[in-house]
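[1] The following block contains a protein sequence and its predicted model.
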Amino acid sequence: MGSFGKKIEKFWEIFYEHDGYVKVLTGLENTLYIAIVGLAIGIVIGTLIAVVKVIPKYKRITRILDGICTFYVGLFRGTPVVVQLLVAYYVVLPLLGIHMPALNVCVMVFGLNSGAYVSEIMRSGILSVDPGQMEAGRALGLSYRVTMMKIVVPQAIKNILPTLGNEFIALIKETSVVSFVGAADLYVAFNYIGSNSYEFMVPYLVMALIYIVLVAIAALLIRVMERSLRKSDRRN
Amino acid sequence: MIDVIDLRKNYGNLEVLKGITTTIKKGEKIVIIGPSGSGKSTFLRCLNCMEDPTSGSIIFEGVNIADMKVDINVHRRHMGMVFQQFNLFNNKTVIDNIMLAPVHIGIQDLRSQKFRNFLTRIKNIFSSNKQPLIEINTSKAKIKEEARQNALRLLKRIGLEDKANVYPSTLSGGQKQRIAIIRALAMNPKVILFDEPTSALDPEMVGEVLDLIRQLADEGMTMVIVTHEMGFAREVATRVLFMDEGRIIEENTPEEIFTNPQNPRTKEFLSKVL
């Protein structure tokens, strides 16, 4: 136990006296930034794809869009997110001649990646809404688009909120690979503390605890949101 | 008002409607009866193109709405529809259910008027022949307020003004269906289509819904009703259509159809249900 106390002392020294906590806070901020903005992008892309997937395929343009969306989802579900990060950062952007901070690349890749997953979640959500809702909207003279956006999608989102919460939690944890392209997240911060104190046990333990707390907070927020959205249900 | 000419509808190889021709005049109350699977509901749903007809035409106020090139949304505003399963919007309160379409369409029209004025203004800069602007004497807030007042008036009419701010899930079937009817009414439709409006209701709630429909009929609303309530059909209808196997077999006044049916199939059906 004595040696463990010493380890904690070493950790505290770097964490507190050598500005380790600044790095941890930056890492925390980046982790949350990537997860939240990534999910927001994912929801927008996912909703668009899901709507394309459920539109009746009368016209050629919808069939073409459908093909593009299928390709997109296949691409982003078919490769690990680390590979997508590396390809985006070291292949695609240099080929296009674009310079972008690593953090923005991460947000973009995580957004595109979760868009592919959210699209499937959202599609099942839209299909779970009673078709009568769409019929009622159309019968009142509202267009397909308006009925979709005002009536069907809000109900779909309510149905899929627990699953969407899962996606958010998964995103928080997946961001731990962004150091592959040099973005500073929690892993980078605690690795810094570890390598400066020559002692990794405590930093990594604390890192694990921080992830657990983050996920617990996220789960709580989702529950609160779900409850407020369930206002229109009798079971609340 | 509505001319249906040789209307046909197929689902794959299954012929559901095999050529229906009829005319619905202003103020008529048409009740469609017939055994299940006879195509009554499909026919009704073709009238506002909820189902696209396979062939034939539906002339509503001089426009063939079965034509896919016609903007069907514009014409549906004038044709209310009431469903068997009520289909109130679950994510909206009762008053929002009623206000949603009038407000949305009002604002849409306002926007397109403003846009047209904007184009005229630009044209006026370059031409000596000045075009007048469309006079706009309404606003978003005004449209909303009018729709709210109208919705409250309609709710008061059916005695449910205290339910304005609750969600549909807390209402009984009869209340839901009456609200669905005034939701259709809020658009000031020229005709209302009822698709078995009482079939999903508990028996003790059928009366309140039929009373409301009867009131509307007395006020001169044109309506087309698919129903299994024969007593109600007899009382409200100005004309009864008997359908079987995708065709209109017999049409006549309710007295004639119910007391003196001509076609053997009509006789057989009525002997079973009456």
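    Yep, that arrived. Residues are numbered from 1 along each chain as shown, chains lettered A, B, ... in the order given.

[2] all contacts plus neighbour counts: C-alpha atoms, from now on.
    Fine.

[3] helices or strands next to whichever helix or strand B:Arg116 is part of in the packing?
    Here B:Arg116 sits within helix B:94-126, counting by DSSP states H and E. Packed against helix B:94-126 by the contact rule (3 or more Cα pairs under 8 Å, 6 or more residues apart in numbering or on different chains; DSSP states H and E) you find helix B:140-157, helix B:173-185.

[4] Quick one: end-to-end distance for stretch B:120-139.
    20 Å (Cα to Cα, to the nearest Å).

[5] I'd like the mean pLDDT over that stretch, please.
    Stretch B:120-139 shows a mean pLDDT of 83.

[6] same check, this time on stretch B:77-89
    92.

[7] coming back round to it: quick one, which of the helices and strands packed on helix B:94-126 gets closest to chain A.
    Closest to chain A of those, according to Cα to the nearest Cα: helix B:173-185, at 7.0 Å.

[8] and the closest one with helix B:140-157, angle?
    Counting by axes from the mean of the first three to the mean of the last three Cα atoms, to 10 degrees, helix B:173-185 points 140 degrees away from the direction of helix B:140-157.

[9] how about helix B:173-185 against chain A, any contact?
    Yes - shown here: helix B:173-185 in contact with chain A (Cα under 8 Å from any Cα of the partner chain) through B:Ala184.

[10] C-terminal to that helix, what's the next element?
    Next helix or strand after helix B:173-185 toward the C-terminus (DSSP H and E): strand B:191-195.

[11] Starting from that next one, tell me which strands it pairs with and how they run.
    Applying DSSP bridges, strand B:191-195 is found paired with strand B:79-82 (parallel), strand B:222-226 (parallel).

[12] Now render those strands as a markdown table, adding distance to A:Tyr72.
    Shown next, in a markdown table, are those (distance: least, Cα to Cα, whole Å):
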| stretch | distance to A:Tyr72 |
| --- | --- |
| strand B:79-82 | 40 |
| strand B:222-226 | 46 |
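
[13] Am I right that B:Ile92 is in a strand?
    Actually, residue B:92 is Lys. It isn't Ile. No - B:Lys92 sits outside any strand when classified using DSSP: H, G, I helix; E, B strand; the rest coil, being coil.

[14] For it, the count of nearby residues, please.
    If you count neighbours by other Cα atoms under 10 Å in any protein chain shown, B:Lys92 ends up with 20.

[15] How about it, nearest residue that isn't a chain neighbour?
    Leaving aside its sequence neighbours, B:Lys92 sits nearest to B:Tyr167 (Cα to Cα, 6 or more residues apart in numbering or on different chains; 6.4 Å).

[16] that older thread, just the helices and strands packed on helix B:94-126: most buried one?
    helix B:173-185 (a mean of 24; mean count of other Cα atoms under 10 Å in any protein chain shown).

[17] and that helix with helix B:94-126, angle?
    10 degrees.

[18] Give me the residues contacting helix B:173-185.
    Residues from elsewhere that reach helix B:173-185, judged by Cα atoms under 8 Å, 6 or more residues apart in numbering or on different chains: A:140, B:80-82, B:86-88, B:94, B:97-99, B:154-155, B:158, B:160, B:168, B:192, B:197, B:200-202, B:205-206, B:208-209, B:212.

[19] Just the buried ones out of these, please.
    The neighbour-count criterion (16 or more other Cα atoms under 10 Å in any protein chain shown) marks A:140, B:80-82, B:86-88, B:94, B:97-99, B:154-155, B:168, B:192, B:197, B:200-201, B:205-206, B:208-209, B:212 among the contacts of helix B:173-185 as buried.

[20] pLDDT at residue 224, what is it?
    By default, I'm working from chain A. Looking at A:Val224, its pLDDT stands at 88.

[21] hmm, I had chain B in mind actually
    B:Val224 is given a pLDDT of 94.

[22] before we move on, the earlier item: for the helix holding B:Arg116, buried residues please.
    For helix B:94-126, using 16+ other Cα under 10 Å, the buried residues are B:94-107, B:110, B:113-114, B:117, B:120.

[23] swap in stretch A:19-30?
    A:20-21, A:23-24, A:26-28, A:30.

[24] can you redo those residues as CSV with secondary structure, distance to A:Ile36 and pLDDT?
    Output for those, formatted as CSV (DSSP: H, G, I helix; E, B strand; the rest coil; distance: Cα to Cα, whole Å; pLDDT from 0 to 100):
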residue, secondary structure, distance to A:Ile36, pLDDT
A:Gly20, helix, 24, 78
A:Tyr21, helix, 22, 82
A:Lys23, helix, 20, 84
A:Val24, helix, 18, 87
A:Thr26, helix, 15, 88
A:Gly27, helix, 14, 89
A:Leu28, helix, 12, 90
A:Asn30, helix, 10, 91
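
[25] and B:Leu241, that one's in a strand?
    Yes - assessed by three-state DSSP, B:Leu241 belongs to a strand.

[26] ok, the residue lying closest to B:Cys49 once chain neighbours are set aside - contacts?
    Using Cα to Cα, 6+ apart and skipping the chain neighbours, the partner closest in space to B:Cys49 is B:Ala66 (6.7 Å). Applying Cα under 8 Å, 6+ apart, we find B:Ala66 in contact with B:49, B:52-53, B:56-59.

[27] picking up where we left off before, how distant is the helix holding B:Arg116 from the center of its chain?
    For helix B:94-126, the separation from the chain centroid amounts to 24 Å (computed by Cα atoms, centre = their mean, to the nearest Å).

[28] Can you list the helices and strands that the helix or strand that contains A:Val224 packs against?
    Using DSSP H and E, A:Val224 maps to helix A:201-229. Packing partners of helix A:201-229 (3+ Cα pairs under 8 Å, 6+ apart): helix A:2-12, helix A:153-174, helix A:186-197.

[29] how long is stretch B:125-141 from one end to the other?
    Termini of stretch B:125-141 sit 31 Å apart (Cα to Cα).

[30] Off-centre distance for it?
    The answer for stretch B:125-141 is 35 Å, by Cα atoms, centre = their mean.

[31] quick one: buried residues of the one helix or strand B:Ser271 maps to?
    Counting by DSSP H and E, the element that carries B:Ser271 is helix B:264-273. Buried residues in helix B:264-273, counting neighbours by 16+ other Cα under 10 Å, are found at B:265-266, B:270.

[32] ditto for stretch A:53-72
    Within stretch A:53-72, the residues that qualify as buried are A:53, A:63, A:66, A:69, A:72, counting by 16+ other Cα under 10 Å.

[33] Tell me which residues are up against that stretch.
    Contacts of stretch A:53-72 (Cα under 8 Å, 6+ apart): A:49, A:52, A:116, A:123, A:127.

[34] OK, contacts around the closest residue to chain B within chain A?
    Taking Cα to the nearest Cα, chain B has its nearest neighbour within chain A at A:Gly141, 4.3 Å off. Taking Cα under 8 Å, 6+ apart, we find A:Gly141 in contact with B:72-77, B:101.
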